[in-house]
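**Student:** Sequence and predicted structure are below.
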Amino acid sequence: MKAIWFGVIALMLTTSACEKRKGTLMPPRDAAHKADSKAQAAAPTGERKHLSAKALPEGLMDEENSEQNLVPLSDGEAKDLQKVKQEALERIKKSPEDRLAGHTAAKGKAAALYQQGRRFASKGNFEEAQEYYLVACQFGHSEGCHKFGWHEERMGNLSNARQFYKTACEGGLSKSCNNLGFQLEKLQHWDEALDFYARACLEKHETGCDNLKRLRDQRLKLR
């Protein structure tokens, strides 16, 4: 994981680097989003429909219902996690090169921070959830990286989404490999897309296997 990316994301969490609309974190769409749109427009009609149908492999409902089966926290536990999160965010902003995965606070906290992010997401507070996901990711939690990437994708920050999907994929999360493959396919980076679909499939991710076969067959027909 390149710490510099977390410095970039940390800056996005400040009001000077992002726009807040109706209480929701809404960073500006990046140039990659425009490239994705052009790539989809150039694709055949049937392929555009397929890409549109899978634009967000995870549904928003999954995030809104994410508090299910989570044990409620006491006020003291919630305040402790909030303190850890704030200290970590300050450290990321000041020293992007600091690898928090090796920090003492990371021990036993990464999963708890991720779960707290899920609690906030289930209540519709995605801005707060994003901060918890980011810190969980920087503490070495692959699911935190994936969720942060998913929200970046949802808000149109596709280059950031790809970076966090890649980190989660390299951490062994097959759904992140599939999501990254999908993003690369939309950019018409066929070989890279096939590579990440294959990684997902090797981990027995059903959709990854389906995407691998579909895209491979499509490319073979064009030869």
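**Tutor:** Sure thing, it's come through.
**Student:** which residues touch the nearest residue to E203 once chain neighbours are set aside?
**Tutor:** Nearest in space to E203, with sequence neighbours left out and distances taken as C-beta to C-beta, 6 or more residues apart in numbering, is S174 at 3.6 Å. Placement of C-beta: from N, CA and C, glycine included. Neighbour list for S174: R199, A200, E203, K204, H205, G208 [criterion: C-beta atoms under 8 Å, 6 or more residues apart in numbering].
**Student:** Quick one: residues contacting the nearest residue to the first one once chain neighbours are set aside.
**Tutor:** Computed as C-beta to C-beta, 6+ apart, the closest residue to R199 that is not its neighbour in sequence is C177, at 4.2 Å. Under the criterion of C-beta under 8 Å, 6+ apart, the neighbours of C177 are Y165, C169, F196, Y197, R199, A200, E203, H205, G208.
**Student:** Dump these into JSON lines; add neighbour count and pLDDT as well.
**Tutor:** Listed next are the contacts of C177 as JSON lines, based on neighbours: other C-beta atoms under 10 Å; pLDDT from 0 to 100:
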{"residue": "Y165", "neighbour count": "29", "pLDDT": "95"}
{"residue": "C169", "neighbour count": "25", "pLDDT": "96"}
{"residue": "F196", "neighbour count": "28", "pLDDT": "97"}
{"residue": "Y197", "neighbour count": "28", "pLDDT": "96"}
{"residue": "R199", "neighbour count": "21", "pLDDT": "96"}
{"residue": "A200", "neighbour count": "27", "pLDDT": "95"}
{"residue": "E203", "neighbour count": "16", "pLDDT": "93"}
{"residue": "H205", "neighbour count": "21", "pLDDT": "92"}
{"residue": "G208", "neighbour count": "25", "pLDDT": "92"}
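**Student:** From those, which land in helices?
**Tutor:** Secondary structure from DSSP state H places Y165, C169, F196, Y197, R199, A200, G208 of the contacts of C177 in helices.
**Student:** need these in TSV with distance to E153, can you?
**Tutor:** Formatted as TSV, those follow (distance: C-beta to C-beta, whole Å):
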residue	distance to E153
Y165	8
C169	14
F196	14
Y197	17
R199	18
A200	16
G208	17
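**Student:** Name the nearest of those relative to N157.
**Tutor:** Nearest to N157 out of the ones in helices among the contacts of C177 is Y165 (C-beta to C-beta; 11.9 Å).
**Student:** Contact partners for the residue nearest to the closest one when sequence neighbours are not counted?
**Tutor:** Among residues not flanking Y165 along the chain, L180 sits closest, at 3.9 Å (C-beta to C-beta, 6+ apart). Under the criterion of C-beta under 8 Å, 6+ apart, the neighbours of L180 are R162, Y165, K166, C169, F196.
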